[in-house]
Each structure stands twice: as structure tokens, then as C-alpha cells.
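from the sequence below, what's the structure:
(one chain, ligands or ions: 2)
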Amino acid sequence: MNISFCCTNVNPKAWLAELSAALPEHDIAVWNEQDPDSNPPADAAIVWSPPQAFFDQQPQLKVAFNIGAGVDALLQKTLPTALSIIRLDDAGMSVQMAEYVVQAVVRYFRELPTYEQDMREGEWSFKRPRERGDFTVGIMGLGVLGQRVAKALQHFEYPVAGWSLSPKTLDGVTTFAGDAQLPQFLQACSAVVCVLPLTPATRHILQRSNLMHLRAGAYLINVSRGEHMVEADVLALLNSGHLAGATLDVFTTEPLPPEHPFRHHANVTCTPHAAARTLRGESVTQIATKFKQWAAGTPAQQLSGCVDRARGY
Ligand code: NAP
Ligand code: GLV
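Ligands and ions are numbered 1, 2, ... in the order given. A predicted model of the protein is given here:
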């Protein structure tokens, strides 16, 4: 079978070498945008944020494997109607996400930014230890990544709450579901972690009217997509002190412009969309396994990570 590779901001050489080694009986070629006629008609694609032309020129595509967990950029394209999309299902990302979120929560709970600032200013002072049982961490999104984050936080004995679309029962997690329970969920949180997919229903969910439900002096950790935030609202709530701090890995515009206020705000920690990186080795193994199952006749809908295009994730 022919497989077309089109991944924006990814060096194709190493990927192609590993994919070809994992799928030796298939022809994998980098899609050539400049010379569309030179592209062999492919049944399957391996993609990350491809241009619209990629789909316009390949209406015959049946399945696309996304080399990331989020498919928002893909679903904003006009896609062949019958195209199935398979996203990465963990592939080494959940442990990274857990690590990233735990370090941010621990920094806030233990007031490390304040201690670090005090030390820079020549101080030697102590804060009264916070009550762990009174520092509930809320996780928006209880999927592959959110559930791993919940487990990691439980290890440090934080009370954990979670919010998802459908109701869930998770050991030791106080769960909430649907729009109706969002205020109740947020009211319980001293820190909130956003690990939702970006869909029409979740875009701008981190806006003033929702964030005002958080306890005063709460912390925001956004590791999903920048467009979950109304950035001006987040900044205003940081400036008013309603949010005591924010750790932001994702932004409406990426790369985050050098002059953006988030970069310079004393209570904001920014990273360059690096919370959970795509790991090539694990991703190639996962994609090759699923591709072989699909090529052998398993319907795409039965593969783990198959996206529900209507639902948006
Ligand atoms: P997932 O397994 O599909 O989980 C998504 C979760 O969000 C599910 O629990 C789902 O609820 C919930 N959800 C979706 N729409 C909702 C809504 N309208 N209201 C309430 N809950 C809703 O996704 P994942 O693999 O955990 O990945 C999540 C996101 O992380 C990705 O989409 C991507 O944007 C982001 N990400 C970021 C990085 C980074 O480096 N910053 C890396 C990887 C991924 P149900 O359980 O009820 O379906
Ligand atoms: C990264 O943001 C991903 O969606 O995998």
C-alpha cells in the first residue's frame, strides 16, 4: 500500500527511516506539495497539521494517523467524508503530562515561587504549611492523559476532582460531568488543570465567568490548547489576584510572541508547548501496529484512538 507522510514542523528523514523499517512491505513517501502529480495515490496518511491542499489533492485517502493526541488542527480542515482519523493513544505522553502537572502543582502547593523570590531578595522566612486536604486539584478532561495526571496527583495525597463529558467513576476521584456540573466542580478547586481536547464545546472554556467559580487565589495549569483560554480574561484575573498563578504550556498564538504579557508576568510560568512531546519510537510502534491491523481488515472504528469526527475528539 502507499502511505503519504505530511507532518508540518517535523523533520521527515528520521520518521521515514523508522516507519519504513516498521512497515517494510509498504511504500511510504513524503508528500510533495510543489509537484502534486508526483505523489503516488495513497490509501493511508501519517499527518501532523497538514495543509488543506494535502486533502484537496488526495480525496481517495481512507485513513489518517495523527502523530499527536489532539486532532483539533486536523478537524478544522475540509476532509474527505469517509476519512477515518486515528490519533496517538498515549504513546509515552501520559507519563510526561503527569510529570509536568505534578511539578506545577507541587510548586504552587509548597509555595516555591514565593520562597525563591524571598531568597533572591535576601530573606529567610517560612510560610505556614498549607492544608493538603484543603487543596483540591481539579482536572478538566478525564481521558488518557487526564486519568494519568489524576493518579500521579493522588500519589502525593492531594484531593483530586475531575470533570468530563460523560459521567465516570474513578477510584478516589470526585467526579463531575457535563456543563451543568462545571460550576460545582470549579468551586471545589484550589488548582485547575485543563487537559481537554479543543472542540467547539470547549473553546474559550477558560473564560472569566467560569474561572470566577474557582476559589480566590486559585492556580491555573493549561496543558491542552491555547484556545481553551480567553487570554485577556486570564490576564485580568491574574492581575486582580483571583488567580494566584498560572502555568501555561499552550497559547492562542504559537510561538508565543516575544512581547506577549504572559512571558513577562511575575505569576506566570510559560513553556513552549512541551508538556508532553510526541516520542518518535513509541509513536512509530503504535502507528505501525494499528496500520497493520487496519490493512488486515480491522475497521478503523475498532482501533484505539479512532476519532469521533462529529464529537470533535
Ligand atoms: P482524550 O483521551 O480524548 O480525553 C478527553 C477528555 O476530555 C475525556 O475525558 C472527555 O470526556 C473530556 N471532554 C471532551 N469534551 C468535553 C466537554 N465538552 N466537556 C467535558 N469534558 C469533555 O484525550 P487525551 O489523550 O487525554 O488528550 C487531551 C488533550 O491534551 C489533547 O486533545 C491535546 O489537545 C492535549 N495535549 C497537549 C499536549 C501538550 O504537550 N501540551 C500533548 C498531548 C496532548 P469523556 O471521557 O466523557 O469522553
Ligand atoms: C500535542 O499537543 C498533541 O496533541 O499531541
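
pLDDT score for the closest residue to residue 95 other than its chain neighbours?
Take residue 95 and drop its neighbours on the chain: the residue closest to it by CB to CB, 6 or more residues apart in numbering is residue 148, 6.8 Å away. All C-beta atoms are positioned from the backbone trio N, CA, C, and that covers glycine. pLDDT recorded at residue 148 is 98.

thought residue 148 was touching residue 100?
No - using CB atoms under 8 Å, residue 148 is not in contact with residue 100; the gap is 11.1 Å.

residues from the stretch 151-300 of the chain in reach of ligand 2?
Residues of the stretch 151-300 of the chain that fall close to ligand 2, judged by CB under 6 Å from any ligand atom: residue 278.

and the contacts of the strand or helix carrying residue 148?
Counting by DSSP states H and E, the element that carries residue 148 is helix 144-155. Here helix 144-155 makes contact (CB atoms under 8 Å, 6 or more residues apart in numbering) with 69, 89-90, 93-95, 97-99, 101-102, 105, 137, 139-140, 142, 160, 162, 164, 170, 172-173, 193, 195, 276.

tally of neighbours for the residue of the stretch 101-250 of the chain found nearest ligand 1?
At 1.7 Å from ligand 1, residue 143 is the closest residue in the stretch 101-250 of the chain, using CB to the nearest ligand atom. For residue 143, the neighbour count with other CB atoms under 10 Å is 19.

ok, it - contacts?
164, 195, 197, 313.

check contacts around the closest residue to residue 204 other than its chain neighbours.
Of all residues not flanking residue 204 in the chain, residue 230 sits nearest, at 5.2 Å (CB to CB, 6+ apart). By CB under 8 Å, 6+ apart, the contact list for residue 230 reads 204, 206-208.

before we move on, what about residue 249?
100, 222-223, 270-275.

can you give me the pLDDT of it?
Value for residue 249, per-residue pLDDT: 99.

quick check: it vs residue 226, distance?
9 Å (CB to CB, to the nearest Å).

element containing the closest residue to residue 272 other than its chain neighbours?
Using CB to CB, 6+ apart and skipping residues adjacent in sequence, the residue nearest residue 272 is residue 255, 6.7 Å away. Here residue 255, judged by DSSP H and E, is contained in no helix and no strand.

now do residue 255, the pLDDT please.
Residue 255 is given a pLDDT of 98.

among the contacts of residue 249, which are in helices?
Those of those mapping onto helices are residue 100, per DSSP state H.

which of the contacts of residue 249 ranks first by neighbour count?
Neighbour max across the contacts of residue 249 (other CB under 10 Å) = residue 223, 27 neighbours.
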